[in-house]
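# Make a model of this:
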Amino acid sequence: MEDILSRVDIVEVISGFMPLKRAGRNFKTVCPFHHEKTPSFMVSPDRQIYHCFGCGESGNAFKFLMRYERMEFPEAVETLARKAGVLLPELAPLDQRAESLISQLYQVNEEASKFYEKNLNSTPDGRYARDYLLKRGVSEEAAREFKLGFAPKNWDALIAHLRQKNFALSLLERAGLVLPKEGGGYYDRFRNRLIFPILDIKSRVIGFGARVLDESLPKYINSPETSIYVKGKNLFGFNLAKEGVRDSDFVAVVEGYLDFLIPYQHGLKSIVASLGTALTTDQIRLLKRYTHNVVMVYDSDAAGELATLRSLDMFIEEEMNVRVVTLPKGLDPDLFVRREGIDNFKKLIHEAKGLFEYKLTILKSRFGSGSIEGKARICAAMLETISKFKNAVLKSEYIKKLAQDLDVKEESLLQELKKVKEDKAPFSAAGKAAKKDYHINPTEKLLFKLMLEEKEFIQRIKDNLNPSDFQDERVSRVVSVMFDLIGEGKAVEPKMLMNYISEEDVSQIVCESMFLPEELSGDDKAKVVDDCIRRLKSEKIKNRRQELHNRIKHAQNSGDTEKAYSLMQEFHDLIKKR
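Coordinates of the predicted model:
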């Protein structure tokens, strides 16, 4: 890990996700981890760390990828290793087997995709599917770009093809490409269907959607979840749309494969499909890497409305801006674009309703706002949404707007909002904690900062102090790690130190210390270090004396003269020592 961190530049890593502006020796930007208008997120090219003075989020390049890209630590290490050109050590045998299975799943899916694509474009059986696509407005160029395919009618066409490529039947089953027969053997999962390969953000085939070419049911069947495909963590078409989303700083979210394909083919490049009727938190966070602005374009039927309403609150919790397009009855995005054209579709997106207006309209149509009971039900549902806003001004304005629209008193809504907050209170700890204020002894804080800045001071301090001499237990833990690293001959740099610290509060103290202004010259620093060592020793003796004084008093009051005498001896020894 040290080798990787020594080869990557944290400024380059972070600037790949957001613009950084020079601020003296450091860089700054608006924090991506909490809402703010004035930039308080600092990045140090010298120390290779970042720290937000608003929320306290801090760490090195690994930590940034884990927080911003929602990666696990091994994935962050692998990502930066590739960027740095570092070869990672061999995985353990068990991990090698898991990695081998994942690699094989990608391979067999890719081969299956090629098989389906060839059947669509180069066989007589695929002609009917090609005619169907043309009838649905999908051009040949688009079909190739999206790698569309066709599964033949045969019960074992894919099995025969993949067996010739030496893929095991057990692997085909684990990939969800085949199903077991009752009497033994297997048959193809997808037969006589148009095939939509599902690709992850790295353009690897992870699964398939399959549609009938007539009115038979079920209309769609999809790959089951596997080791590489989890429906709720992927978005159809995002591998092609991600740059368009980043460039335009917004994304339109639709439901189905053709709802994505037709608008994209006609020029709307910032669009994805949700692979189901309801977005998940993981999908929303995937979008959040590229934009904070979302327009939901679901079908105008009841299921579409419900899916949209369920998604709205999750967007608010992720602090994203969300608007909603209401399509004319009977039309989905695919049919609308084919009938009305892409320009009118883009116009609908431009004129999309805000989430408040959309949800209020739906609730009024359901419950009616003419009765007291209807108003109460509408308010209860709207307050659930309003409660999720973290910005107090937005909450206040939406309360005012709701009161005016339904002709109810603001005071009543505020009372009901308080009940919503109280009901949610036990679960509030699940979210990101606000920045903690750390009251550290000024002497310890200064000495700790000097140790981080000048590694030659660490050995001098180690020769004179123990980690336990630092009263703040968090500082003591970091100092102990620093002493261990020095003893092993390893580098003690903030960016490396992060790898040995798992506690958020300790990491925050380290990074925040590094961004404090430097007010001492080289010679002054050495004198200050010696002075701080003397102060800490003196404070330790003083604290010990006070502790002994209290224990002596307790021993005397309890009549334990022997214990009191022993403690008094230790007390006098401390006085002499000072």
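# Any buried residues in stretch 236-254, and which?
236-242, 244-245, 248, 250-254 (16 or more other C-beta atoms under 10 Å). In this view, the C-beta of every residue, glycine as well, is placed from N, C-alpha and C.
# Check stretch 72-87 too.
76, 77, 79, 80, 81, 83, 86.
# pLDDT value on the second one, please?
If I follow you right, that is residue 77. Residue 77 is assigned 86 on the pLDDT scale.
# Remind me which helix or strand it belongs to.
helix 73-84 (DSSP states H and E).
# who's in contact with that helix?
Helix 73-84 is contacted by residues 1, 3-5, 7-8, 13, 61-63, 65-66, 69, 71, 87-88 when judged by C-beta atoms under 8 Å, 6 or more residues apart in numbering.
# Which one (most neighbours) among those residues?
residue 61 (26 neighbours; other C-beta atoms under 10 Å).
# re earlier: the helix or strand just after the helix holding residue 77: which residues count as buried?
Counting by DSSP H and E, the next helix or strand C-terminal to helix 73-84 is helix 93-122. Buried residues in helix 93-122, counted by 16+ other C-beta under 10 Å: 101, 104-117, 119-121.
# And stretch 260-273, by the same measure?
Within stretch 260-273, the residues scored as buried using 16+ other C-beta under 10 Å are 260, 261, 262, 263, 264, 265, 266, 268, 270, 271, 272, 273.
# Not counting sequence-adjacent ones, nearest residue to residue 472?
Spatially, and ignoring its direct neighbours in sequence, residue 472 is nearest to residue 440 (5.0 Å; C-beta to C-beta, 6 or more residues apart in numbering).
# can you count the residues close to the one you found?
Neighbourhood size, residue 440 [other C-beta under 10 Å]: 16.
# wouldn't it be in contact with residue 510 here?
No: counting by C-beta atoms under 8 Å, residue 440 sits too far from residue 510 to count as a contact (11.9 Å).
# Which residues are in contact with residue 212?
Neighbouring residues of residue 212 by C-beta under 8 Å, 6+ apart: 192, 193, 194, 218, 219, 220.
# neighbour-wise, which of those leads?
residue 194 (28 neighbours).
# Now do the residue nearest to residue 341 when sequence neighbours are not counted against residue 336, distance only.
Distances taken as C-beta to C-beta, 6+ apart place residue 266 nearest to residue 341, at 7.9 Å, with adjacent residues excluded. Distance of residue 266 to residue 336, computed by C-beta to C-beta, to the nearest Å: 11 Å.
# With residue 212 instead?
Distance from residue 212 to residue 336, by C-beta to C-beta: 22 Å.
# Likewise for residue 152?
33 Å.
# if you count what's nearby, which of those two comes out ahead?
Shown here are residue 152 and residue 336; by other C-beta under 10 Å, residue 336 has more neighbours (23 against 20).
# my guess is the more buried one contacts residue 347, does it?
No: at 11.1 Å, residue 336 and residue 347 do not qualify as touching, with contact defined as C-beta under 8 Å.
# before we move on, back to that, out of the buried residues of stretch 260-273, which sit inside helices?
Of the buried residues of stretch 260-273, the ones assigned to helices by DSSP state H are 260, 261, 262, 263, 264, 265.
# Pull the contacting residues for the third one.
When contacts are counted by C-beta under 8 Å, 6+ apart, residue 262 is found next to 136, 137, 138, 333, 334, 337, 338.
# Might one say that the third one is in contact with residue 265?
Yes: checked against C-beta under 8 Å, the pair residue 138 and residue 265 is within contact range at 6.9 Å.
# Quickly list what's touching both of the two.
With C-beta under 8 Å, 6+ apart, residue 138 and residue 265 have no common neighbours.
# Out of the contacts of helix 73-84, which comes closest to residue 382?
Taking C-beta to C-beta as the measure, residue 69 is the one of those closest to residue 382, at 33.6 Å.
# who's in contact with the closest one?
So residue 69 contacts 76, 79, 289 (C-beta under 8 Å, 6+ apart).
# How much space separates it from residue 289?
With C-beta to C-beta as the criterion, residue 69 and residue 289 are 6 Å apart.
# Likewise for residue 323?
With C-beta to C-beta as the criterion, residue 323 and residue 289 are 20 Å apart.
# Those two: which has the busier surroundings?
Ranked by neighbour count (other C-beta under 10 Å), residue 323 and residue 289 place residue 323 first, with 21 against 15.
# Now that one. Its backbone dihedrals?
Main-chain torsions, residue 323, degrees, to the nearest 10: phi -130, psi 170.
# Nearest spatial neighbour of it, chain-adjacent residues omitted?
Using C-beta to C-beta, 6+ apart, the nearest residue to residue 323 is residue 352, at 3.8 Å.
# Tell me, how many residues neighbour the one you found?
Residue 352, neighbours per other C-beta under 10 Å, totals 21.
# In contact with it: list those residues for me.
Counted by C-beta under 8 Å, 6+ apart, residue 352 has contacts 295, 296, 323, 324, 325.
# Just read off the phi/psi values of the fourth one.
I take that to be residue 324. According to degrees, to the nearest 10, residue 324 has phi -130, psi 130.
# repeat for the second one
Note on residue 296: backbone dihedrals following degrees, to the nearest 10 are phi -80, psi 130.
# what residues are up against it?
253, 308, 311, 312, 322, 323, 324, 325, 352.
# ditto for the third one
Taking C-beta under 8 Å, 6+ apart, we find residue 323 in contact with 294, 295, 296, 352, 353, 354, 355, 358.
# Please indicate which of the residues you listed are buried?
Buried among the contacts of residue 323 (16+ other C-beta under 10 Å): 294, 295, 296, 352, 353, 355, 358.
# Okay, and which of these map to helices?
Going by DSSP H, the helices hold 355, 358 from these.
# Looking at the buried ones among the contacts of residue 323, spot the one nearest residue 496.
Ranked by distance to residue 496 (C-beta to C-beta), the buried ones among the contacts of residue 323 are led by residue 294 at 38.3 Å.
# Stretch 550-563: which residues count as buried?
551, 552, 555.
# Not counting its neighbours along the chain, what's nearest the first one?
In this case it means residue 551. residue 567 (5.4 Å).
# how about that neighbour, secondary structure?
Put simply, residue 567 is helix when judged by DSSP: H, G, I helix; E, B strand; the rest coil.
# Can you report how many residues lie near it?
Going by other C-beta under 10 Å, the residues that sit close to residue 567 add up to 20.
# Quick check: pLDDT value at residue 368.
Residue 368 is assigned a predicted lDDT (pLDDT) of 87.
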